[in-house]
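S.K.: here's a sequence, model it:
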Amino acid sequence: MAKVRRALVRTYSDMLRNHTLQMAAALSYYFVLSLFPALIFLSAVVAYLPVPDLFNQALALMSRFLPADSMGLVRRVLGRDHA
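M.R.: Presented below is the predicted three-dimensional model:
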């Protein structure tokens, strides 16, 4: 039990020393900031590909992983409410 406690204490102190939580917050912030420009760029590029309904298929795949509220926001930003 002492080894487990020592491992937990070392893990916690390592997280504080390396600013792990701040780095995770920064990464998620930049991911959210870059998501919508990337989706807009993707929708512009996909329009020129000869695959029918590819972008709606990609949105359907995304909807499996995103919460419904977030997916609604993505569709509103992209102007695809009917997808």
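S.K.: avg pLDDT for stretch 61-72?
M.R.: The pLDDT scores in stretch 61-72 average 86.
S.K.: and the end-to-end length of that stretch?
M.R.: One end of stretch 61-72 sits 14 Å from the other (CA to CA, to the nearest Å).
S.K.: next: stretch 38-52.
M.R.: 20 Å.
S.K.: for that stretch, buried residues please.
M.R.: With burial defined by 16 or more other CB atoms under 10 Å, the residues of stretch 38-52 counted as buried are 39, 43. Where C-beta positions appear, they are placed from N, C-alpha and C, glycine not excepted.
S.K.: and stretch 26-42, by the same measure?
M.R.: In terms of neighbour count (16+ other CB under 10 Å), stretch 26-42 has its buried residues at residue 39.
S.K.: so what's the residue count around the closest residue to residue 63 other than its chain neighbours?
M.R.: Leaving out its chain neighbours, the residue that sits closest to residue 63 by CB to CB, 6 or more residues apart in numbering is residue 71, at 4.7 Å. Neighbourhood size, residue 71 [other CB atoms under 10 Å]: 17.
S.K.: ok, now which ones touch residue 71?
M.R.: Contacts for residue 71 (CB atoms under 8 Å, 6 or more residues apart in numbering) come out as 59, 62, 63.
S.K.: could you say which helix or strand holds residue 34?
M.R.: Element membership of residue 34, judged by DSSP states H and E, is helix 20-46.
S.K.: who are the packing partners of that helix?
M.R.: If contacts are counted by 3 or more CB pairs under 8 Å, 6 or more residues apart in numbering; DSSP states H and E, helix 20-46 sits against helix 54-65, helix 68-78.
S.K.: and the longest one with helix 20-46, angle?
M.R.: Think helix 54-65. Orientation check (axes from the mean of the first three to the mean of the last three CA atoms, to 10 degrees): helix 54-65 against helix 20-46 gives 160 degrees.
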